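Chemist: Everything below, folded, please.
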Amino acid sequence: MTIAQSKLTAQGQISVPAEIRKRLGVGPGSILEWNQENGQIVVRRAGQFSSSDIHEALFPPDTQPMQPAEVKEGIRKYMRKRHALD
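Modeler: Numbers count the residues shown, from 1 in each chain. Here you go, the predicted model:
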């Protein structure tokens with residue numbers, strides 16, 4: 001179902017329709033993110049992530065769960081590499 005339409009200018013700009021601005025809660029100076037999800041482009045207000053987005057970022061579906069000791073060792077390795085502690 002189409003909510004609204006926008007026209008692309010020659011400079012690659014679009015106007016966000018009033019209904020969409022209202023639903024997103026955005027105004028002048030707001031930052032929008034453009035993401036590709038399941039073959040579709042999704043636009044959202046920057047910084048607006050659902051708990052499922054955060055869960056997927058922290059626990060990708062194709063990885064095995066780690067034990068606490070493995071997590072601690074991974075953090076140690078990262079910190080040593082980042083701060084050249086070796």
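
Chemist: helix or strand right after the lowest-mean-pLDDT helix or strand in the chain?
Modeler: Considering only helices and strands, the least confidently modelled element of the chain by mean pLDDT, DSSP states H and E is helix 51-58, at a mean of 79. On the C-terminal side of helix 51-58, the nearest following helix or strand under DSSP states H and E is helix 68-83.

Chemist: Please export the alpha-carbon coordinates of that next one; PDB is fine.
Modeler: What follows is helix 68-83 as a C-alpha-only set of coordinates in PDB (Å, rounded to 0.1, in the frame of the first residue of the first chain):
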ATOM      1  CA  PRO A  68      31.600 -15.800  28.800                       C
ATOM      2  CA  ALA A  69      35.300 -16.800  28.800                       C
ATOM      3  CA  GLU A  70      35.300 -16.600  25.000                       C
ATOM      4  CA  VAL A  71      33.700 -13.100  25.100                       C
ATOM      5  CA  LYS A  72      36.300 -11.900  27.700                       C
ATOM      6  CA  GLU A  73      39.200 -13.300  25.600                       C
ATOM      7  CA  GLY A  74      37.800 -11.600  22.500                       C
ATOM      8  CA  ILE A  75      37.600  -8.300  24.300                       C
ATOM      9  CA  ARG A  76      41.200  -8.700  25.600                       C
ATOM     10  CA  LYS A  77      42.500  -9.400  22.000                       C
ATOM     11  CA  TYR A  78      40.600  -6.400  20.600                       C
ATOM     12  CA  MET A  79      42.000  -4.100  23.300                       C
ATOM     13  CA  ARG A  80      45.500  -5.300  22.900                       C
ATOM     14  CA  LYS A  81      45.300  -4.900  19.100                       C
ATOM     15  CA  ARG A  82      43.700  -1.400  19.400                       C
ATOM     16  CA  HIS A  83      46.000  -0.100  22.000                       C
END
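
Chemist: Give the full set of residues in contact with Arg45.
Modeler: If a contact means C-beta atoms under 8 Å, 6 or more residues apart in numbering, then Arg45 has Leu24, Gly25, Val26, Ser30, Ile31, Leu32, Glu33 as its contacts. C-beta: built from backbone N, CA, C; applies to glycine.

Chemist: Where does the prediction get shaky in the protein?
Modeler: Applying pLDDT under 70 to the chain flags the ranges 48, 85-86.
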